[in-house]
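K.L.:
Pasted the sequence and its predicted model underneath.
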Amino acid sequence: MTGYKPRPYKRTCCRCGNFRFATALFPDGHICQACLRAALRDRGACPGCGRDRPLIGRLSDGTAACRECAGITREFTCQHCGYEGEWCIARICLFCRNTRKLDALDDGSGCPAVELKPLADYLRAETNPMRLEEWLNLPGTRALLADPATGRLDLSLDALASFPDWQRAAYMRDLLVASGILPAVDKRLTSFESSRQPRRRRRRGCSRTRAAAGAG
């Protein structure tokens, strides 16, 4: 049976010839993750059925073909939205998984807060859903999204500047600017202001230490 997801053992990839961890087993052999993603990006008219689909398989003569025509049983189509391609290695695509995680923008009515709807639309249109998923999975990101939705955090540059994790707040600020919720800001100035506060604290701490040493 072809198309199953094998255990993570290294095999020689049938596409690139490198000795890597196998992600799938196709009729033409084991395939690594990099080659699988590249195959899912290779979209066009299948020579077997004529449909426009990802050409992830290979016919007997080596011609790229769609999954069914190449005899691959493993599916790469999202069960929720029907998307088929690079971002659906599992049965649910990254777009749908990220949409579920964006529920943190819900203001309690079952929909994103009105003022945050442009942000929700902007995130759903992200062309690199893997990068978005990595950010959404970081500790504290869900709370950072939920606080403006529930009113615990004002949608202002000053409020974001006071957020404890300034790096995550800076990324949130960039998203709010890109989605049109907040006005554009000089990143160099805000980065400088954010970096000054901890430095001042360290200087005060060092001065106290030196003063205590001198007194002793």
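P.N.:
Now that the structure is in, tell me what you want to look at.

K.L.:
can you give me the helices in this protein?
P.N.:
In the chain, the segments counted as helices under DSSP state H are 33-41, 94-101, 117-124, 129-136, 141-150, 157-161, 166-178, 187-215.

K.L.:
now D42: how far from N128?
P.N.:
Counting by C-beta to C-beta, to the nearest Å, the gap from D42 to N128 is 18 Å. The way it works is simple: take the backbone N, C-alpha and C, and place the C-beta from them, glycine included.

K.L.:
How about G82?
P.N.:
Taken as C-beta to C-beta, the span from G82 to N128 is 20 Å.

K.L.:
From P139, how far out is L40?
P.N.:
30 Å.

K.L.:
which of those two has more neighbours?
P.N.:
Between L40 and P139, counted using other C-beta atoms under 10 Å, the more crowded position is L40 (19 against 8).

K.L.:
quick one: pLDDT of the more buried one?
P.N.:
What the model reports for L40 is a pLDDT of 91.

K.L.:
For the closest residue to it other than its chain neighbours, report the pLDDT, please.
P.N.:
Closest residue in space to L40, ignoring its immediate chain neighbours: E86 at 4.2 Å, by C-beta to C-beta, 6 or more residues apart in numbering. As summarised for this prediction, E86 has a pLDDT of 84.

K.L.:
A211 now?
P.N.:
46.

K.L.:
Equivalent analysis for L94, please.
P.N.:
You'll see L94 listed with a pLDDT of 87.

K.L.:
and if you look at Q197?
P.N.:
Note for Q197: predicted pLDDT of 49.

K.L.:
Now do the buried residues in stretch 152-169.
P.N.:
For stretch 152-169, burial by neighbour count (16 or more other C-beta atoms under 10 Å) applies to L153, L155, L160, F163, W166, R168, A169.

K.L.:
Ok, stretch 68-80 next?
P.N.:
For stretch 68-80, the buried set under the neighbour-count rule, 16+ other C-beta under 10 Å, comprises C69, A70, G71, I72, F76, T77, C78.

K.L.:
List the contacts of H30.
P.N.:
Residues near H30 by C-beta atoms under 8 Å, 6 or more residues apart in numbering: P6, R11, T12, C13, C14, A22, A24.

K.L.:
how about those in a markdown table, adding distance to K101 and neighbour count?
P.N.:
Shown next, in a markdown table, are these (distance: C-beta to C-beta, whole Å; neighbours: other C-beta atoms under 10 Å):
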| residue | distance to K101 | neighbour count |
| --- | --- | --- |
| P6 | 29 | 13 |
| R11 | 33 | 17 |
| T12 | 37 | 13 |
| C13 | 32 | 21 |
| C14 | 35 | 17 |
| A22 | 29 | 21 |
| A24 | 26 | 22 |
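
K.L.:
May I ask which two of those are separated the most?
P.N.:
Greatest spatial distance among these (C-beta to C-beta): T12 and A24, at 13.9 Å.

K.L.:
From D103, how far off is the spatially closest residue to T99 that is not a sequence neighbour?
P.N.:
Leaving aside its sequence neighbours, T99 sits nearest to R124 (C-beta to C-beta, 6+ apart; 6.0 Å). Distance, R124 to D103, using C-beta to C-beta: 12 Å.
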